[in-house]
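Peer 1: sequence-free structure coming up:
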């Protein structure tokens, strides 16, 4: 039995059944690999720019605050010691890279696992050429026709730089619940977070070609 998903018209009516590549959309999701890929995305997105000054970098503190003996107070060598207010930070953060890597085989398995997990949330459309000009109202009407207007998160996978989708980006940029992405820039986090994933036929074909098991 083939794996199929429904294709819709801009008015929200069913247009056809689209057959999916089972090696991409029909596998049993590997939860551990999904965890590793999601962790990789989140860590690689961290800037790693946090920085705190050590006692050698804090301004001042060049002379001993008081003599070593005879004052009745604890001995100190600098007012910029970590023990003092305004002193340096002990073991504070320094700029670093949080990046982690995964092999190509694991990354591809993670993407196929994510795509297989979202089949029930997918809706296919031909393209967005029905947006003759940028129109948030028309885009909102389209989502309402597909019964996704009230969803908390919608992900659109389409080549919004192509001629047939040239008005898509401007039409949805003011819709807070809608995220737009190129099919070549898939994110595990975005796929799993979205309540509805809308793909153009061209984006679907390219994803299937890219992640097919025999490639």
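Peer 2: That came through fine. Here the structure is a predicted model, which is why all the values come from computation and not from measurement.
Peer 1: using the three-state scheme, assign residue 114.
Peer 2: helix (DSSP: H, G, I helix; E, B strand; the rest coil).
Peer 1: which element, helix or strand, includes the residue of the chain most remote from its centre?
Peer 2: Distance from the centre of the chain peaks at residue 70, with 62.3 Å (C-alpha atoms, centre = their mean). Of the helices and strands defined by DSSP states H and E, none includes residue 70.
Peer 1: can you offset everything so residue one is 47?
Peer 2: From this message on, residue numbering opens at 47, which makes the last subject residue 116.
Peer 1: tell me the contacts of residue 135?
Peer 2: By C-beta atoms under 8 Å, 6 or more residues apart in numbering, the contact set of residue 135 is 98-100, 128. Backbone N, C-alpha and C define where each C-beta goes, glycine included.
Peer 1: so what pLDDT did it get?
Peer 2: Model confidence at residue 135, given as pLDDT, is 95.
Peer 1: what about it, helix or strand, and which?
Peer 2: Going by DSSP H and E, residue 135 is not part of any helix or strand.
Peer 1: do you know how far it is from residue 205?
Peer 2: Noted for residue 135: a distance of 48 Å to residue 205, by C-beta to C-beta, to the nearest Å.
Peer 1: same question, residue 247
Peer 2: Residue 247 is 11 Å from residue 205, by C-beta to C-beta.
Peer 1: which residue ranges of this structure form strands?
Peer 2: 49-54, 60-66, 168-171, 200-203, 224-227, 242-246 (DSSP state E).
Peer 1: most packed of the ones you listed?
Peer 2: strand 200-203 (a mean of 24; mean count of other C-beta atoms under 10 Å).
Peer 1: what mean pLDDT does that strand get?
Peer 2: 94.
Peer 1: and it, which strands flank it?
Peer 2: strand 224-227 (parallel), strand 242-246 (parallel) (DSSP bridges).
Peer 1: for these, which one sits closest to residue 54?
Peer 2: strand 242-246 (8.8 Å; C-beta to C-beta).
Peer 1: in the chain, where is pLDDT below threshold?
Peer 2: Along the chain, segments meeting pLDDT under 70 span 47, 195-197, 260-261.
Peer 1: domain map for it?
Peer 2: Domain assignment for the chain, taken from automatic domain parsing, gives 49-91+147-257, 93-143.
Peer 1: start and end of the longest one, how far apart?
Peer 2: Translated: domain 49-91+147-257. End-to-end distance for domain 49-91+147-257: 16 Å, by C-alpha to C-alpha, to the nearest Å.
Peer 1: quick one: the helices in the chain?
Peer 2: 68-71, 77-90, 150-163, 182-191, 214-218, 234-239, 247-257 (DSSP state H).
Peer 1: okay if I get those helices as TSV plus distance to residue 62 and mean neighbour count?
Peer 2: Converted to TSV, the helices of the chain look like this (distance: least, C-beta to C-beta, whole Å; neighbours: other C-beta atoms under 10 Å):
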stretch	distance to residue 62	mean neighbour count
helix 68-71	17	18
helix 77-90	30	15
helix 150-163	20	18
helix 182-191	17	16
helix 214-218	21	20
helix 234-239	23	17
helix 247-257	10	17
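Peer 1: who's in contact with residue 63?
Peer 2: Residue 63 touches 50-53, counting by C-beta under 8 Å, 6+ apart.
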